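Undergrad: what would the 3D arrangement of this be:
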Amino acid sequence: MSQPVFLDNARIVDPARDLDEPGAMLVDGGKIVAAGADAKGQGVPEGTRIIDIGGKTIIPGLVDMRVFVGEPGGEHRETLETASHAAAAGGVTTIITMPDTDPMIDDPALVDFILRRARDTAVVRVHPMAAITKAMAGEELSEFGLLKDAGAVAFTQGRTSVANAQVMRNALTYARDFDATIVHFTEDQMLARAGVMNEGETATRLGLPGIPREAETIVLDRDLRLARLTGGNYHAAQISCEQALWSVRRAKEAGINVTAGASIHHLTLNELDVGPYRTFFKMAPPLRSEDDRLAMVEALADGTLDVLVSGHDPQDVEGKRQPFAEAADGAVGLETLLAAGLRLVHDDSVSLLRLIDAMSTRPGAILGLDAGTLKPGAAADFAVVDLDRPWIVTEGNLRSRSRNTAFEGARLTGMVLQTWLAGRMIYSHENGIAKCIGGR
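TA: You can find the predicted model right below:
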């Protein structure tokens, strides 16, 4: 067992207890013994390592619900090992991987493969989602019960949507019976397939075909009606526009079992960032208008948006070094998730508690994980953050195997100094030197 550790002179932020106060944290046996203003009164065991963190902030380790990893089949883009190192550098202690690999994760043996590979190579916790349908073809449902027993934490189609409404109804019913959650990317493929960015004036000026917001909302509205019909647990994986927020608000008011997530890119960037056809800003869903971005920020603040994700989607040079219309969608984001989100805190759009709730506590609760809190007895997965330290994002300081970041050259404020997993430090950034230390 790891040595007991007492982190003193800290700001403790724990949304699960609505806690943001000066204090300390005691960790023993891989668990949190105490965290908060009263931690100093708990006493420390003999032989405890005492660390003064100089007033820095301790947050629960982030839980990223939408991480694309190439392994198996696309290891040239990203492996579980490289993704985990990127996660640790960003204060992310749990990553939820998507099933659209090669082969696709639609069989219990493949779920087991991901878990075993993660145990052998990753430095953070890895939980796979499994495919809703076999081969992700949108026709025949996967074996939810067997997949869940094997370790799948939810069911999704990754980058695609289930087009057949009857299949989606069956999926929600089936998932309800196994107390599982359907996590769905909402995009009508027929409306979206000809487009490459948000439909509007900017797309017209650039001479690029657009993707209307209706491509997102038509599928979302259908899904919400089916969730109401079946009583199933439904999570909208990555919405991007104000119209989608209207639908989510109405569904929540009606008592439907719905939660919603969004990528941090869609709350900190907009369609104008595409600029002179910059392919690192080509995403799915596309970056929307500034009005949409502001509506998304407001929805995060008021709780309509439950979850923020990185949408980490590594693409190699060949995929991105193409004309904009032909380039692959996606951007890496594990290492910039927290720092980009802190932009919203520093401009007073969102409280720090709400931001960490959306990046850690809520995703942990939605997936039923022992994560996202600093309460006594919880796993000691946390990060030590300097909220005010500036840094510049460069390809050279990213740990992801692919370097397609939308924040290249951006000055962000807020740096992860340490990341801990089960009471052991797995990442540190000291004296200008950043390094991963090891896994579990």
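Undergrad: any idea what Ser263 is bridged to?
TA: Beta-bridge pairing of Ser263 under DSSP bridges involves Val309.
Undergrad: correct me if wrong: it contacts Val309.
TA: Yes: using Cβ atoms under 8 Å, Ser263 is in contact with Val309, at 5.7 Å. (C-beta placed from N, C-alpha, C; glycine too.)
Undergrad: how's this protein carved up into domains?
TA: 5-59+378-388+410-436, 61-366 (automatic domain parsing).
Undergrad: so for Leu398, which of those sits nearest?
TA: domain 61-366 (5.8 Å; Cβ to Cβ).
Undergrad: now the end-to-end length of that closest one.
TA: 16 Å (Cα to Cα, to the nearest Å).
Undergrad: Ser263 and Val309 - which one has more neighbours?
TA: Ser263 (29 against 25; other Cβ atoms under 10 Å).
Undergrad: thinking again about what came up before, can you list residues touching both of Ser263 and Val309?
TA: Arg66, Gln238 (Cβ atoms under 8 Å, 6 or more residues apart in numbering).
Undergrad: contacts for the longest helix anywhere in the chain, please.
TA: If you go by DSSP state H, the chain has its longest helix at helix 214-230. Outside helix 214-230, the residues that touch it by Cβ under 8 Å, 6+ apart are 161, 165, 168-169, 172-173, 176, 184, 186-188, 191-192, 195, 232-234, 236, 239-241, 243-244, 247-248, 251, 254, 256-258, 285.
Undergrad: would you mind identifying the next helix or strand past it?
TA: For helix 214-230, the following helix or strand on the C-terminal side (DSSP states H and E) is strand 233-236.
Undergrad: what strands line up against that following strand, and which way round?
TA: In its sheet, and by DSSP bridges, strand 233-236 pairs with strand 181-184 (parallel), strand 258-263 (parallel).
Undergrad: for burial, what's the neighbour tally of Gly36?
TA: By other Cβ under 10 Å, 22 other residues sit near Gly36.
Undergrad: the one 3 residues further on now?
TA: By other Cβ under 10 Å, 23 other residues sit near Ala39.
Undergrad: can you give me the helices for this protein?
TA: 80-89, 108-121, 144-150, 165-177, 189-192, 201-206, 214-230, 242-253, 265-268, 290-302, 317-320, 337-346, 352-356, 362-366.
Undergrad: tell me what angle the first one forms with helix 337-346.
TA: Read that as helix 80-89. 30 degrees (axes from the mean of the first three to the mean of the last three Cα atoms, to 10 degrees).
Undergrad: run through who's touching helix 80-89.
TA: Residues outside helix 80-89 that contact it (Cβ under 8 Å, 6+ apart): 64, 67, 69, 71, 93, 95, 97, 114, 117-118, 121-124, 126, 312, 314, 332, 334-335, 398-401, 416, 419, 421, 426-427, 429, 434, 436, 439.
Undergrad: kindly report the same for the second one.
TA: With Cβ under 8 Å, 6+ apart as the contact definition, helix 108-121 has outside contacts at 71-72, 79-81, 84, 97, 103-105, 125-126, 128, 130, 143, 146-147, 149-152, 440.
Undergrad: report the buried members of the residues you listed.
TA: 71-72, 79-81, 84, 97, 104-105, 125-126, 128, 130, 147, 150-152 (16 or more other Cβ atoms under 10 Å).
Undergrad: re the thing from before, quick check: which of the strands paired with strand 233-236 is buried the most?
TA: Comparing the strands paired with strand 233-236 by mean neighbour count (mean count of other Cβ atoms under 10 Å), strand 181-184 ranks first with a mean of 26.
Undergrad: what's in contact with it?
TA: Residues from elsewhere that reach strand 181-184 (Cβ under 8 Å, 6+ apart): 65, 129, 132, 154-157, 161-162, 168, 171-172, 175, 219, 223, 232-237, 366-367.
Undergrad: for the stretch 1-150 of the chain, what are the low-confidence residue spans?
TA: 1 (pLDDT under 70).
Undergrad: ok, which stretches of it are strands?
TA: Applying DSSP state E, counting those that start in this stretch to the stretch 1-150 of the chain gives strands spanning 5-14, 19-28, 31-36, 49-52, 57-60, 62-67, 92-97, 125-128, 130-131.
Undergrad: pairing partners for the fifth one, with directions?
TA: Right, the one you point to is strand 57-60. Taking DSSP bridges as the criterion, strand 57-60 sits next to strand 5-14 (parallel), strand 382-392 (antiparallel) in its sheet.
Undergrad: between those, which one is nearest to Leu305?
TA: Closest among the strands paired with strand 57-60, using Cβ to Cβ: strand 5-14, at 19.0 Å.
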